[in-house]
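Asker: here is a sequence with its predicted model. Questions after.
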Amino acid sequence: MILNLKGRLKLIADKVPKCNVLADIGTDHAYIPIYLVQNGVCQKAIASDVKIGPVKMASNNISLYKLSEKIETRLGNGLDTIEINEADSIIIAGMGGTLLTELLEANKPKTVNADTLVLQPMNDLHVVRKWLYDNAFEIYDEEMVAEGPKIYFVLSAKFSGNEKQYSDFELYVGQRLIEKKDPLLGAYCRMKVQQIDKVLEQLEEMKENDALKSQYLRQKIDYINLIEKL
């Protein structure tokens with residue numbers, strides 16, 4: 001029985017390079033480790049989650065696909081469940097960007113020693129990008145995928161040892177997305193302009209937020225300029 005993935009999960013899986021051991025942090029159903037082992041992308045995998053329910057579900061799915069000898073489940077918080085250098089590639093997906101960076105910060109030596117981090121924050125992408133840049137990681141790839149009305153971002157990063165200089169706007173729209181002219185980037189920027197317009201309408205009723213208004217206006221102009229370039 002072969003597992004097929006699509007949408008967000010397929011994009012995450014596609015960003016994992018050939019590796020010996022994969023660690024999927026917050027694995028939920030363990031679909032990504034199952035898919036990657038089945039397709040020979042990684043030889044073994046660790047499917048980890050902080051809650052017992054998802055770990056049990058992951059174990060059931062791993063048994064269903066007859067991969068218990070190659071995929072191990074672990075219960076614990078974030079990267080606490082793996083040792084330094086135990087995993088070549090680490091996936092952290094499906095959680096808020098602030099929580100994601102807290103997990104990275106709590107076990108920085110493990111992220112530094114991994115060959116690849118594949119990250120899929122559900123929000124606060126600017127927080128994730130800032131943490132990576134400030135901690136000398138390179139975001140070497142980034143791609144967007146749509147599932148219905150929602151757009152998801154998948155970042156690929158590795159430790160480089162070099163801190164990056166960046167603009168505020170680069171934290172909100174990834175540099176790699178701009179370089180690649182990601183097909184969904186225009187639609188995303190137009191959506192952000194609409195969101196900013198709504199915020200500006202609300203701020204217009206408040207008389208003491210000129211600095212905040214200026215900040216949002218500058219951001220709106222940056223999005224519009226990028227739309228024109230695309």
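Answerer: Yep, that arrived.

Asker: a helix runs through Y35, doesn't it?
Answerer: Yes - assessed with DSSP: H, G, I helix; E, B strand; the rest coil, Y35 lies in a helix.

Asker: would you map out the domains in this protein?
Answerer: 7-163, 185-229 (automatic domain parsing).

Asker: relative to L171, which of those domains is closest?
Answerer: Smallest distance to L171 across the domains of the chain (CB to CB): 3.9 Å, for domain 7-163. Quick note: C-beta positions are derived from backbone N, CA and C, even for glycine.

Asker: including distance to G174, could the domains of the chain go into CSV?
Answerer: Listed next are the domains of the chain as CSV, based on distance: least, CB to CB, whole Å:
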stretch, distance to G174
domain 7-163, 4
domain 185-229, 9
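
Asker: hey, which of those domains is tucked in deepest?
Answerer: domain 7-163 (a mean of 19; mean count of other CB atoms under 10 Å).

Asker: gap between the two ends of it?
Answerer: 32 Å (CA to CA, to the nearest Å).

Asker: next: stretch 86-98.
Answerer: 25 Å.

Asker: centre of the chain to that stretch, how far?
Answerer: Here stretch 86-98 is found 7 Å from its chain centre; the criterion is CA atoms, centre = their mean, to the nearest Å.

Asker: next: stretch 158-173.
Answerer: 15 Å.

Asker: ok, now stretch 2-10?
Answerer: Taking mean C-alpha positions (CA atoms, centre = their mean), stretch 2-10 and its chain are 16 Å apart.

Asker: residues in contact with that stretch?
Answerer: For stretch 2-10, the surrounding residues in contact (CB atoms under 8 Å, 6 or more residues apart in numbering) are 13, 31-32, 34-35, 38, 65, 93, 120, 145-147, 152, 154.

Asker: quick one: which two of those residues are the most distant?
Answerer: Y65 and A146 (27.7 Å).

Asker: where along this structure do the helices fall?
Answerer: 7-14, 31-38, 52-64, 97-106, 108-113, 125-134, 168-172, 175-180, 185-204, 210-229 (DSSP state H).

Asker: tell me the one of the contacts of stretch 2-10 nearest V127?
Answerer: Q120 (13.8 Å).

Asker: dump the residue contacts of the residue nearest to V128 when sequence neighbours are not counted.
Answerer: Closest residue to V128 apart from its sequence neighbours, by CB to CB, 6 or more residues apart in numbering: G97 at 4.5 Å. G97 makes contact with 121-128 under the criterion CB under 8 Å, 6+ apart.

Asker: so which elements touch the helix or strand of the chain with the lowest mean pLDDT?
Answerer: For the chain, scoring each helix and strand by mean pLDDT, DSSP states H and E identifies helix 210-229 as the least confident one, at a mean of 89. When contacts are defined as 3 or more CB pairs under 8 Å, 6 or more residues apart in numbering; DSSP states H and E, helix 210-229 packs onto helix 168-172, helix 185-204.

Asker: OK, contacts around the nearest residue to L119 once chain neighbours are set aside?
Answerer: Closest residue to L119 apart from its sequence neighbours, by CB to CB, 6+ apart: L155 at 4.6 Å. By CB under 8 Å, 6+ apart, the contact set of L155 is 117-121, 125, 128-129, 132, 139, 141-142, 174.

Asker: can you pull the pLDDT of the spatially most central residue of the chain?
Answerer: For the chain, the residue nearest the mean C-alpha position is Q120 (1.9 Å; CA atoms, centre = their mean). On the pLDDT scale, Q120 is placed at 98.

Asker: good, wrapping up.
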